[in-house]
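Asker: sharing a model prediction with you, sequence too.
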Amino acid sequence: GKYEYKRIPLEDLASKYIYVPLSVITDTKLDIRRVGVFSYLRIHCGLNNIINCTVPDIVEWCGGKPDRRPNGSNEKTLLTLDSLEDGGYLTYITETSKSSYMKCRFDTDYYYDDCSDGFAAIYLDEIDKIMNYQKTNSKDGTINNTTILLVFAYLRHKIRRRPNELKPEERQPETIKSRRERIPDAYNGNIVDMADEIGLSTKTFSKIVDILECELNLIVTDRAYRIKNEDDEFRTLPTIFANTYKREHSYLLDTGDDYSRTEIRLKAENMKQHYQGYKIDKRKRKYQKKGENTNE
């Protein structure tokens, strides 16, 4: 066949997605709600590129509570909008306001051009899931719906996804297998560096990864056994990340542990070229399916 996977059509919000440019995800000069505010604009942009909005509506949509005090959520959201305007993504048509109705024009040409330097494809059901998530520990102020979306967008960009369509020379079973081994749908990264790249503390980043994995079931991770280097010191090796399922455009291609853990395992094999003795430590899995055996 022409495809690696059978394509199952997705429905409703699961079939619709937006691109968030990498430049927005990694712009640490922007507020941490940057991906949330950007997603709101992209989703609410009409066919005529016009967005009608109020700041309180954006705040609520992002899972927050409107707050009109100085330095409150309204002001921070408006500052994020201002920065996105400075960045060239939109132009205000009406006066800006922390509470009243506003109108702006989204610059789609600039947006698509910017996405050519990298983007995250995020589906609307995923955004819904994240924005409606109620955290169990409400005292932790560093974790909110927009920081969870920020980390998810970052991971979605980083975790590569093989195109489903096979080139004519790739259509033999053995070439499909070697292609999968060569380019697994997984990413290896060091948590400290990753957190730094998007402007979060390592602790916050790690907690959000756990939420995305254990509570929202959007990503899957595996950690490696620590190994000793030449100086007999233990080093922590990169963590491997995968998506819980594989989607392309408005189709579901694969899902479940069989998909994600296999891609991670293939990635771990590739890692042995760079890290001698790289081996996944199944005891470190945060999220155990009932009956899953960790002592293999």
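Answerer: Done, it's in. Numbering: from 1, shown residues only.

Asker: for stretch 87-95, how far is the first residue from the last?
Answerer: Length of stretch 87-95, first residue to last, Cα to Cα, to the nearest Å: 18 Å.

Asker: residues making contact with it?
Answerer: With contact meaning Cβ atoms under 8 Å, 6 or more residues apart in numbering, stretch 87-95 is reached by 23-24, 27, 38, 41, 50-51, 81, 84-85, 101-107, 110-111, 114. Placement of C-beta: from N, CA and C, glycine included.

Asker: tell me where the model's unsure across the stretch 1-150 of the chain.
Answerer: Counting by pLDDT under 70, the ranges of the stretch 1-150 of the chain that qualify are 137-138.

Asker: now do the helices in it.
Answerer: Per DSSP state H, counting those that start in this stretch, the stretch 1-150 of the chain carries helices over the ranges 22-25, 34-43, 55-61, 73-86, 108-115, 124-131, 145-158.

Asker: buried ones in the first one?
Answerer: Applying a neighbour-count criterion of 16 or more other Cβ atoms under 10 Å, one finds 22, 24-25 buried in helix 22-25.

Asker: contacts for it?
Answerer: 30, 34-35, 38, 84, 87, 89, 114, 117-120, 150, 153-154, 157, 198.

Asker: swap in 7 Å and give it another go.
Answerer: 34-35, 38, 114, 117-120, 150, 153-154, 157, 198 (Cβ atoms under 7 Å, 6 or more residues apart in numbering).

Asker: now swap in the fourth one and tell me
Answerer: Around helix 73-86, the neighbours that count as contacts under Cβ under 7 Å, 6+ apart are 30-31, 33-34, 37-38, 55-56, 58-59, 64-68, 90-92, 96, 98-99.

Asker: start and end of stretch 28-45, how far apart?
Answerer: Stretch 28-45 has an end-to-end distance of 24 Å (Cα to Cα).

Asker: begin at 589 from now on, thanks
Answerer: Shifting the count to begin at 589 puts that one at stretch 616-633.

Asker: give me the distance between the residue lying closest to Tyr866 once chain neighbours are set aside and Asn817.
Answerer: Residue nearest to Tyr866 in three dimensions, not counting chain neighbours: Met859, with 4.3 Å by Cβ to Cβ, 6 or more residues apart in numbering. Distance from Met859 to Asn817, counting by Cβ to Cβ, to the nearest Å: 16 Å.

Asker: of the two, who's got more company?
Answerer: Set Met859 next to Asn817 and count neighbours by other Cβ atoms under 10 Å: Met859 wins out with 19 against 8.

Asker: only C-alpha atoms, please: export the helix or strand containing Asp846 in CSV.
Answerer: Following DSSP states H and E, one finds Asp846 within helix 845-859. What follows is helix 845-859, C-alpha atoms only, in CSV (Å, rounded to 0.1, in the frame of the first residue of the first chain):
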residue,chain,number,x,y,z
ASP,A,845,0.8,1.5,24.4
ASP,A,846,1.6,-0.7,21.5
TYR,A,847,2.2,2.5,19.4
SER,A,848,3.9,4.8,22.0
ARG,A,849,6.1,2.3,23.8
THR,A,850,7.3,0.7,20.6
GLU,A,851,8.4,4.1,19.2
ILE,A,852,10.1,4.9,22.5
ARG,A,853,11.9,1.5,22.4
LEU,A,854,13.1,2.1,18.9
LYS,A,855,14.4,5.6,19.9
ALA,A,856,16.2,4.0,22.9
GLU,A,857,17.9,1.6,20.4
ASN,A,858,19.1,4.7,18.4
MET,A,859,20.3,6.3,21.6
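
Asker: Leu754 contacts Tyr591, correct?
Answerer: Yes. The criterion here is Cβ atoms under 7 Å, and Leu754 meets it with Tyr591 at 6.5 Å.

Asker: buried set for stretch 778-788?
Answerer: 779, 782-783, 786-788.

Asker: wait, which of those is closest to Glu821?
Answerer: Nearest to Glu821 among the buried residues of stretch 778-788: Ile779, at 18.4 Å, using Cβ to Cβ.

Asker: that closest one against Ser794, yeah?
Answerer: Yes. Ile779 lies in contact with Ser794 (Cβ under 7 Å); the separation is 5.9 Å.

Asker: sorry, back to before: closest to Ser838 out of the helices of the stretch 589-738 of the chain?
Answerer: Ser838 sits nearest to helix 712-719 of all those, at 11.1 Å, using Cβ to Cβ.
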